[in-house]
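> Output the structure for:
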Amino acid sequence: MFGIPGKQAVSMTDRAAAQIAKLMAKDGHQGLRIGVKKGGCAGMEYTMEYVDTVDPMDEVVEQAGARIMIAPMAQMFLFGTEIDYETSLLESGFKFKNPNVVDACGCGESIKFDENISATK
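Next comes the predicted model:
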């Protein structure tokens, strides 16, 4: 586990937890795995995928019936992140409030982290 003992790597708003719990119940998934990958105009993108089997190396965060798993390589990039679920007239989706992001593209889909993040965390 990465981070501070006793502190969860990420947190969820009540709206995000409710949406994740709903998605888990719909098809019997164990939760959602969150990660980051190279891509997008700012350099990195968040990833989310359904999980049917929990990887023992994942950081597991549970709240109000919702379960998210954080891929090992993403833990240092996501520490301190709050996950929200927002609904508007044009779109609905998960939003990440991540204190580790130093820049983001205009579309909001791509992010950039401090190049020294792995050395400082």
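> and the helix ranked longest in the chain, what does it pack onto?
Scanning the chain for the longest helix, with DSSP state H as the assignment, gives helix 14-27. Helix 14-27 sits against strand 31-38, strand 66-70, strand 81-87, with contacts defined as 3 or more C-beta pairs under 8 Å, 6 or more residues apart in numbering; DSSP states H and E. (Each C-beta comes from the backbone N, C-alpha and C, glycine too.)
> Swap in 10 Å and give it another go.
Helices and strands touching helix 14-27, by 3 or more C-beta pairs under 10 Å, 6 or more residues apart in numbering; DSSP states H and E, are strand 10-12, strand 31-38, strand 44-51, strand 59-63, strand 66-70, strand 81-87, strand 92-97.
> after the fifth one, next one along is what?
The reference is to strand 66-70. Toward the C-terminus, strand 66-70 is succeeded by helix 75-78 as the next helix or strand (DSSP states H and E).
> buried set for that following helix?
The neighbour-count check on helix 75-78 (16 or more other C-beta atoms under 10 Å) flags 75-78 as buried.
> cool, and stretch 31-39?
31-36.
> again, but for stretch 59-76
Neighbour counts over stretch 59-76 (16+ other C-beta under 10 Å) mark 59-61, 63, 66-71, 74-76 as buried.
> average model confidence for stretch 71-87?
Stretch 71-87 carries an average pLDDT of 89.
> Ends of that stretch, what's the gap?
One end of stretch 71-87 sits 26 Å from the other (C-alpha to C-alpha, to the nearest Å).
> circling back: specify which member of the buried residues of helix 75-78 is nearest to N100.
Of all the buried residues of helix 75-78, N100 sits closest to F77, with 5.8 Å by C-beta to C-beta.
> Just give the nearest non-adjacent residue to that closest one, would you?
Nearest non-adjacent residue to F77, counting by C-beta to C-beta, 6 or more residues apart in numbering: V36, 5.1 Å away.
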